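Sequence unavailable; structure follows:
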């Protein structure tokens with residue numbers, strides 16, 4: 001299969017040639033291979049196009065009328081540092097080829113060239129760009145250093161979330177992930193990216209609450225040098241850096257009102273402007289957003305735009321809290337133990353029954369993030385192959401001691417112990433409610449009361 005037939009290797013290509021027949025022929029050849037092509041006849045138009053959108057590859061004629069095509073190279077590379085430039089010419093010479101390479105050209109081909117030759121060049125550039133983007137993504141992964149994602153669950157709500165995520169991944173639809181903090185929204189967003197045709201392209205993350213208004217807009221859309229205090233050089237922004245890939249906006253409910261119309265415009269038209277620069281730019285970036293708050297409440301209180309809410313909420317995926325998924329706790333804990341054991345040069349065979357019971361019975365207000373911290377702590381402290389109850393923090397150990405019928409304890413203490421044990425042994429909360437002879441709403445209130 002031709003490398004260029006693969007969607008993941010689709011390139012944004014700029015053609016700069018003063019001959020209309022060359023522009024048309026080359027455009028048809030490249031578009032037939034699935035690439036996106038813009039063709040112009042002069043340096044001024046080429047700079048204008050490179051200033052408003054990002055390209056992976058440019059074919060530049062050595063002679064543009066009375067202009068020298070080589071003079072265009074430094075400007076194009078300043079606008080798109082990762083751009084690969086191929087010089088095309090009917091006047092090939094060793095001197096001009098050497099000069100082109102010194103100025104940053106990737107390749108140099110003589111006219112007339114065949115479709116096979118063009119395919120070879122674009123295929124090579126596609127491989128290089130794919131490798132560069134994978135390296136950037138791997139660097140981000142190494143910096144995060146997280147355990148392998150577990151995408152299996154016995155909880156019906158989580159099963160629905162995973163299935164829906166897999167179904168929407170191949171599309172370019174905006175996805176809104178909702179759920180309490182720590183339930184794995186970032187992990188699922190990255191999985192959606194990995195399952196999509198954009199997998200070979202960049203995946204970027206912006207946490208909306210962590211930046212002030214000016215820095216958040218700059219991080220999103222970039223800025224021009226001198227546009228505000230501290231803007232010492234041009235910055236392209238994460239939208240530009242994620243060209244062809246996915247941008248994940250975490251805690252979108254905290255996005256300032258002044259930025260919301262700009263994000264809405266980008267979602268609708270894929271157009272934006274950098275701070276301090278009126279030039280309109282375009283970018284092909286899929287957006288996934290996440291929230292741990294009620295966005296509809298934000299609408300009612302005037303903190304969130306209605307039009308942006310409906311544009312974001314094309315596909316909503318709800319992630320249940322870990323407290324609702326006691327059967328998943330063991331699966332997640334075992335994978336995390338394997339990971340942190342390897343990090344600390346230890347080998348663990350698992351958990352004791354007491355430790356597993358404590359993990360299953362805990363209410364997990366911090367969800368998966370809290371579970372990760374507790375397992376990491378246990379892996380560091382333990383000198384045994386088995387993680388026992390003694391390696392877990394006091395915060396997750398039940399406050400009440402084991403009791404037997406007839407023990408001199410109040411009915412409330414007896415009830416708490418009984419509910420904890422039933423939940424620990426039941427396959428689901430519905431089964432636990434059935435065993436206890438109460439409905440799920442009552443069980444939820446009891447769990448809240450006892451911190452289960």
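Arrived safely. All figures in this text were calculated on a predicted structure; none of them were measured in a lab.

in its sheet, what does the helix or strand containing residue 85 sit against?
If you go by DSSP states H and E, residue 85 is part of strand 84-89. Here strand 84-89 has these sheet partners by DSSP bridges: strand 57-61 (parallel), strand 107-110 (parallel).

Can you list the low-confidence ranges for the chain?
In the predicted model of the chain, residues 1-8, 136-150, 398-409, 424-427, 451-452 satisfy pLDDT under 70.

the domain parsing of it - what is it?
3-132, 152-320, 323-450 (automatic domain parsing).

Name the residues of the longest helix anywhere in the chain that come out as buried.
The residue-count maximum for a helix in the chain (DSSP state H) belongs to helix 115-144. Using 16 or more other C-beta atoms under 10 Å as the test for burial, helix 115-144 gives 118-126, 129-130, 133, 136-137. C-beta: built from backbone N, CA, C; applies to glycine.

which stretches of the stretch 101-250 of the chain form strands?
107-110, 175-178, 203-207, 246-250 (DSSP state E, counting those that start in this stretch).

Going by contacts, tell me the helices and strands next to the following helix or strand past the last one.
The one in question is strand 246-250. Scanning forward in sequence from strand 246-250 by DSSP H and E, the next helix or strand is helix 260-269. The contact analysis (3 or more C-beta pairs under 8 Å, 6 or more residues apart in numbering; DSSP states H and E) places helix 260-269 against helix 213-221, strand 271-272, helix 306-312.

Can you give me the buried ones in the last one?
Within helix 306-312, the residues that qualify as buried are 308-309, 311-312, counting by 16+ other C-beta under 10 Å.

could you dump the residues you listed to CSV with distance to residue 37?
CSV is the format used below for these (distance: C-beta to C-beta, whole Å):
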residue, distance to residue 37
308, 32
309, 36
311, 29
312, 31
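
From the residues you listed, pick the one nearest residue 331.
For these, the residue nearest residue 331 by C-beta to C-beta is residue 312; the value is 31.0 Å.

ok, that closest one - contacts?
174, 176, 252, 267, 287, 289, 295 (C-beta atoms under 8 Å, 6 or more residues apart in numbering).

Likewise for residue 423?
Contacts of residue 423 (C-beta under 8 Å, 6+ apart): 326, 360-361, 429, 432, 447, 452.

same question, residue 88
17, 22, 59-62, 109-111, 113 are the contacts of residue 88 under C-beta under 8 Å, 6+ apart.

could you flag which of the residues you listed are buried?
17, 22, 59-62, 109, 113.

just checking, residue 36 touches residue 14?
No - with contacts counted by C-beta atoms under 8 Å, residue 36 stays clear of residue 14, the gap being 10.0 Å.

So for these two, which sits in the more crowded spot?
The residue with more neighbours, out of residue 36 and residue 14 and counting by other C-beta atoms under 10 Å, is residue 14; that gives 25 against 16.

any idea of the angle the helix or strand hosting that one forms with strand 57-61?
Taking DSSP H and E as the definition, residue 14 sits inside strand 12-16. Put simply, strand 12-16 runs at 10 degrees to strand 57-61, going by axes from the mean of the first three to the mean of the last three C-alpha atoms, to 10 degrees.
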